[in-house]
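K.L.:
Below are the sequence and a predicted model for it; my questions follow.
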Amino acid sequence: MARRKSPRADDLSALLVARMADCPTAESLHGRVIAPFVAALEEVCAARGYLLNIYGGRANLVVSDPETAETLYQVIDAYLDGAESADEGETAPSAPADAAPDKVIGDG
């Protein structure tokens, strides 16, 4: 069951969509929306002692403590490599059992 967004989350989402819609180029989107949003994430994560890792593909955002960051990177990298291999007919690797993230925010 999907969680319902709070009214404040809906407001933020609407604001981001509106600001993104006002950006005619990738460069303006990056400068006006993406970079400031990531800077805010970095600031909040740093204040809480979390490490922010943005991996790519479609959407992979992992927030963890610094001690698990390297393991998470390896797990996600192996998974993405495995997904590419699976697209080519190979079997995707599974994640190590001891590599559990503290918090994962994804495209749900």
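P.N.:
It's in. Predicted model only: the values in this text are computed from it and were never measured.
K.L.:
so for the lengthiest helix in the chain, what's the average pLDDT?
P.N.:
Scanning the chain for the helix with the most residues, using DSSP state H, yields helix 66-87. Per-residue pLDDT values across helix 66-87 average out to 81.
K.L.:
Report all helices and strands that that helix contacts.
P.N.:
On a contact count with 3 or more C-beta pairs under 8 Å, 6 or more residues apart in numbering; DSSP states H and E, helix 66-87 meets strand 51-54, strand 60-64. The C-beta positions use only the backbone N, C-alpha and C, and glycine is treated the same way.
K.L.:
Measure how the longest one sits relative to helix 66-87, angle-wise.
P.N.:
By that I understand strand 60-64. Relative orientation of strand 60-64 versus helix 66-87 (axes from the mean of the first three to the mean of the last three C-alpha atoms, to 10 degrees): 160 degrees.
K.L.:
for strand 60-64, packing partners?
P.N.:
When contacts are defined as 3+ C-beta pairs under 8 Å, 6+ apart, strand 60-64 sits against strand 51-54, helix 66-87, strand 103-106.
K.L.:
Could you list the domains of this structure?
P.N.:
Per the record, the chain has its domains at 1-48, 49-108, by automatic domain parsing.
K.L.:
before we move on, the earlier item: what's the most buried one of the helices and strands packed on helix 66-87?
P.N.:
strand 60-64 (a mean of 19; mean count of other C-beta atoms under 10 Å).
K.L.:
The helix or strand containing A47: which residues count as buried?
P.N.:
Applying DSSP states H and E as the criterion places A47 in helix 35-48. Within helix 35-48, the residues scored as buried using 16 or more other C-beta atoms under 10 Å are L41, C45.
K.L.:
how far off strand 60-64 does it point, in degrees?
P.N.:
Between helix 35-48 and strand 60-64, the angle comes out at 20 degrees (the same axes, to 10 degrees).
K.L.:
pLDDT averaged over stretch 32-52 - what is it?
P.N.:
On average, stretch 32-52 scores 88.
K.L.:
Now that stretch - C-alpha only, PDB.
P.N.:
Extracted C-alpha coordinates of stretch 32-52, given in PDB (Å, rounded to 0.1, in the frame of the first residue of the first chain):
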ATOM      1  CA  ARG A  32      17.700  26.600 -10.900                       C
ATOM      2  CA  VAL A  33      16.200  23.400  -9.500                       C
ATOM      3  CA  ILE A  34      18.500  20.300  -9.300                       C
ATOM      4  CA  ALA A  35      21.700  21.800  -7.900                       C
ATOM      5  CA  PRO A  36      19.900  23.900  -5.200                       C
ATOM      6  CA  PHE A  37      17.800  20.800  -4.200                       C
ATOM      7  CA  VAL A  38      20.900  18.600  -4.000                       C
ATOM      8  CA  ALA A  39      22.700  21.300  -2.000                       C
ATOM      9  CA  ALA A  40      19.800  21.400   0.500                       C
ATOM     10  CA  LEU A  41      19.900  17.600   0.800                       C
ATOM     11  CA  GLU A  42      23.700  17.700   1.400                       C
ATOM     12  CA  GLU A  43      23.300  20.400   4.100                       C
ATOM     13  CA  VAL A  44      20.600  18.400   6.000                       C
ATOM     14  CA  CYS A  45      22.400  15.100   5.600                       C
ATOM     15  CA  ALA A  46      25.700  16.600   6.800                       C
ATOM     16  CA  ALA A  47      24.000  18.200   9.800                       C
ATOM     17  CA  ARG A  48      22.600  14.800  10.700                       C
ATOM     18  CA  GLY A  49      25.800  12.800  10.100                       C
ATOM     19  CA  TYR A  50      24.400  11.100   7.000                       C
ATOM     20  CA  LEU A  51      26.200  10.500   3.700                       C
ATOM     21  CA  LEU A  52      24.300  11.300   0.600                       C
END
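K.L.:
Much appreciated, bye for now.
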